[in-house]
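Novice: Fold the stuff below for me.
(chains A and B)
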Amino acid sequence: MAEQYPIIVLLVLLFGALFVGLAGMADRRVCFPLTMTALVLAVMVSVGILQRVISGGVIRYFVGGWSRPVGIGIELRIDTINALVLLTITTVGLLTALFSFRRVQEDKTEKTPLFYVLYLLLIMGLSGMVITGDAFNLYVLLEVSSLTSYALIAMGKSRRAAVAAFSYIIMGTIGASFYLLGVGYLYLRTGTLNMMEIHQAILALDGPSSTIVVAFVLILVGLMIKMAFFPLFGWLPNAYSYCPSSTSCVVAPLMTKVGVYVMVRMMLTVFGTEWVFENLQYTQWMVGIAVLAILAGSVMALAQVELKKMFCYLIVAEVGYMVGGAWMANHWGMVGTIYHIMGDAFMTLCMFLAAGIFVKQAGVVRIDQLDGMFRKMPWTMAGFVVGALAMIGIPPTCGFFSKLYLIRGGMESGHWGYVMALLISSLVNAVLFFRIFEIAYFGKKPAEGHGHHVDHSEESVIKEARPSALIPLLATAVIIVLLGLFNSNLVELIERSLQGSEVIGTRALSSKGGLG
Amino acid sequence: MSEITSQYLIDHFNFWVAVVLMMIGLYAMITKNNLIKKLIGMSIFQTAIILFYVSAGVKEGATIPILEHHVAETEQVEAGEHAEGHSTTKASSSHEVHAINPDDYSNPLPHVLMLTAIVVGVATLGVALAVSQVIYKNYGTLEEDEILAKIKAAENDG
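Specialist: Prediction:
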């Protein structure tokens, strides 16, 4: 049983989607329990996978028993990095499913089964992307997750949701097609689609191969569109802010993060860090663009008046953190990036859960409508504050530690611009969130106080969120703190999977080319 | 010089076709105003990549990758007549007598991969058409500039 875990986590979600679709046609009320069952099982299996990886090392699972030397089978390959990201995905999926309980039933009764089918398929696609060891299989799962997210975004009540979804479809298809073309070049040169075998074939090449470089650039550009890396982020803010709350809570934390993860996987496993960092010499460029992404995301977040839009631009900045960290060819940069993939998933989830609750309970869309929220919704605000502190980077939340590792990486590898951008972005986050705290705690400024009389009638209506919305938010807040408290254990796990690399494998070697 | 260039073009003919088709598709996706035309561009773009893969699996003079047992048996007899010295090994493992010559068969893997990619492309197109239907229902038009104008007007009103 235990050795079948890698496929079980996918099958549970896939069959969950099937049963939700079939049973949902008969009775809508069974959709939610079935979805929760599938996701709880998926989380449990992911925990099992993580335990197995910690105790037994890398898991190689051959789907259908087609072991590799024979030829064509798909391999699922799980080391500590994907085990952690897999657990993050399924946990975020579970929390958001719980959050969606009331919302989906009230918003669109006849579409409830469809929503949950798409939802489970999305989680399945993302989980599959993370654990697969096959470059083409990754493309298929990338498209499974993208297609479901297009449909979920288009379900939004706002008229603009469909327009946002359409531009996302166009951009997403270009991204996925570039990735597919890149895999095609890799296949032509190496004759295999298995990630490890591609890596060995690249190592075995005598000289530099322009085919491999083209393949890498195509894959990188495709993934940059998918992860909304500056300057290819145009589709993201509209798509994520006009979709239904329960969709944005799962899409916003996961889609971009899994994109970053796939890029990291390409750099670590498929092309190999030696090849990427020593052969290509893109480090300065990529870190430079990441600096622009961080600054642009932060500045545009400052300019927003809508809460969700602001969080969307913060995602753009956070993607900049991660891409910059991954590309600075430094041990701590890579560790910080992978740690931040997990931390940022929960931070973003916390932000969007809180925003969803504000919209639902109080109809709040803009930041200046948040006045008095600490009094009206103390528990929601408590969860929101933890997430906000993590975004700013205040210990003991995970945001502090990921920034610590990233800054350390930047200092060791001499990317001072990146370090400055990270600090500026933290300051901007502090300004943004303390502005929200001020409005929510002290209310509006006296000069704008005229509106207060009108609000009084509303005030009695605004109540604390229901438990089904509050529990996920508070659980996320607790996870954010726990990720921060246990950061050294997580980093130790991440380092285990980096050991094979000469460039970023060990702490000692990476600091060699550092400050001096 | 021109000879080298033309030789280069001919050698990579399938690549050039794929690249030209891709650029046509990309151009349509970016510049066309009508959403359906954008989707047509998207389909061309995806088809170009499918052609690229399919052409990569083709070999000159090769046939479809199905092993024909009838032919194989006659070949086995011929091979046995030709190389009598190896008869002992043949008797022990009659299956490996006539090694399949990979040059006779086109590479099936890229073609099979493209079956999946075609399905993905169809699904993408389906979702995109459904979304454009919703857009038409909401805005009464499929022209991008008109939709943007209506969004702007709605923003100014609200």
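Novice: B:Lys59 - how many residues pack around it?
Specialist: 12 (other Cβ atoms under 10 Å in any protein chain shown). Bear in mind the C-beta positions are built from the backbone N, C-alpha and C, glycine included.
Novice: Could you pull up the residues touching the closest residue to it other than its chain neighbours?
Specialist: Leaving aside its sequence neighbours, B:Lys59 sits nearest to B:Ser106 (Cβ to Cβ, 6 or more residues apart in numbering or on different chains; 5.3 Å). Residues near B:Ser106 by Cβ atoms under 8 Å, 6 or more residues apart in numbering or on different chains: B:57-59, B:62-65.
Novice: The same query, at a cut-off of 6 Å, please.
Specialist: B:57-59, B:62 (Cβ atoms under 6 Å, 6 or more residues apart in numbering or on different chains).
Novice: Turn these into a markdown table, columns for pLDDT, secondary structure and distance to A:Leu39.
Specialist: Shown next, in a markdown table, are the contacts of B:Ser106 (pLDDT from 0 to 100; DSSP: H, G, I helix; E, B strand; the rest coil; distance: Cβ to Cβ, whole Å):
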| residue | pLDDT | secondary structure | distance to A:Leu39 |
| --- | --- | --- | --- |
| B:Gly57 | 80 | helix | 40 |
| B:Val58 | 81 | coil | 45 |
| B:Lys59 | 79 | coil | 47 |
| B:Ala62 | 78 | coil | 48 |
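Novice: Which one (most neighbours) among the residues you listed?
Specialist: B:Gly57 (19 neighbours).
Novice: separation between the residue nearest to B:Lys59 and A:Gly191?
Specialist: Separation of B:Ser106 from A:Gly191 (Cβ to Cβ, to the nearest Å): 15 Å.
Novice: just A:Ile338 next, same as before
Specialist: For A:Ile338, the distance to A:Gly191 - Cβ to Cβ - is 30 Å.
Novice: between the two, which one's more packed in?
Specialist: Between A:Ile338 and A:Gly191, counting by other Cβ under 10 Å, A:Ile338 is the more crowded of the two (31 against 12).
Novice: Can you tell me which of the contacts of B:Ser106 is nearest chain A?
Specialist: Among the contacts of B:Ser106, B:Gly57 lies closest to chain A (Cβ to the nearest Cβ), at 9.7 Å.
Novice: Just the element for whichever residue of chain A sits closest to chain B, please.
Specialist: Nearest residue of chain A to chain B: A:Ala162, at 4.1 Å (Cβ to the nearest Cβ). Using DSSP states H and E, A:Ala162 sits in helix A:160-190.
Novice: Count residues in the vicinity of the closest residue to the residue of chain A closest to chain B other than its chain neighbours, would you?
Specialist: Leaving out its chain neighbours, the residue that sits closest to A:Ala162 by Cβ to Cβ, 6+ apart is B:Val134, at 4.1 Å. The local packing of B:Val134 (other Cβ under 10 Å) involves 18 other residues.
Novice: what about chain A, any weak spots by pLDDT?
Specialist: A:68-71, A:103-109, A:207, A:444-462, A:502, A:505-516 (pLDDT under 70).
Novice: Could you pull out the strands in it for me?
Specialist: Using DSSP state E, the strands of chain A run over A:59-62, A:75-78.
Novice: Neighbouring strands - and their directions - for the first one?
Specialist: Put plainly, it is strand A:59-62. Its sheet considered, strand A:59-62 pairs with strand A:75-78 (antiparallel) by DSSP bridges.
Novice: ok now the partner strand, how far from the chain's centre?
Specialist: 20 Å (Cα atoms, centre = their mean, to the nearest Å).
Novice: Also stretch A:269-279?
Specialist: Distance, centroid of stretch A:269-279 to centroid of chain: 24 Å (Cα atoms, centre = their mean).
Novice: Please apply the same query to stretch A:57-75.
Specialist: 27 Å.
Novice: List the buried residues of that stretch.
Specialist: By 16 or more other Cβ atoms under 10 Å in any protein chain shown, the buried positions in stretch A:57-75 come out as A:59, A:61-63, A:68, A:73-75.
Novice: State which helix of chain B is the longest.
Specialist: helix B:108-139 (DSSP state H).
Novice: Return the distance of the residue nearest the centre of chain B relative to chain A.
Specialist: Centroid check for chain B by Cα atoms, centre = their mean gives B:Ile50 as the closest residue, at 1.8 Å. Distance, B:Ile50 to chain A, using Cβ to the nearest Cβ, to the nearest Å: 9 Å.
Novice: Grab the nearest non-local neighbour of that residue.
Specialist: In space, B:Ile50 is closest to B:Met114, 4.9 Å off (Cβ to Cβ, 6+ apart).
Novice: In contact with that neighbour: list those residues for me.
Specialist: B:50, B:53-54.
Novice: Could you export those residues as TSV, including pLDDT and secondary structure?
Specialist: TSV is the format used below for the contacts of B:Met114 (pLDDT from 0 to 100; DSSP: H, G, I helix; E, B strand; the rest coil):
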residue	pLDDT	secondary structure
B:Ile50	92	helix
B:Tyr53	89	helix
B:Val54	88	helix
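Novice: for those residues, which one is nearest A:Arg496?
Specialist: B:Tyr53 (36.5 Å; Cβ to Cβ).
Novice: Surely the closest one is in contact with B:Pro108?
Specialist: No - here B:Tyr53 does not reach B:Pro108: they are 11.7 Å apart, not a contact under Cβ atoms under 6 Å.
Novice: Looking at these two now, which is surrounded by more residues?
Specialist: Between B:Tyr53 and B:Pro108, counted using other Cβ under 10 Å, B:Tyr53 has the larger neighbour count: 23 against 13.
Novice: related to what we said a few turns ago, pick out the most distant pair among the buried residues of stretch A:57-75.
Specialist: A:Ile59 and A:Gly73 (15.0 Å).
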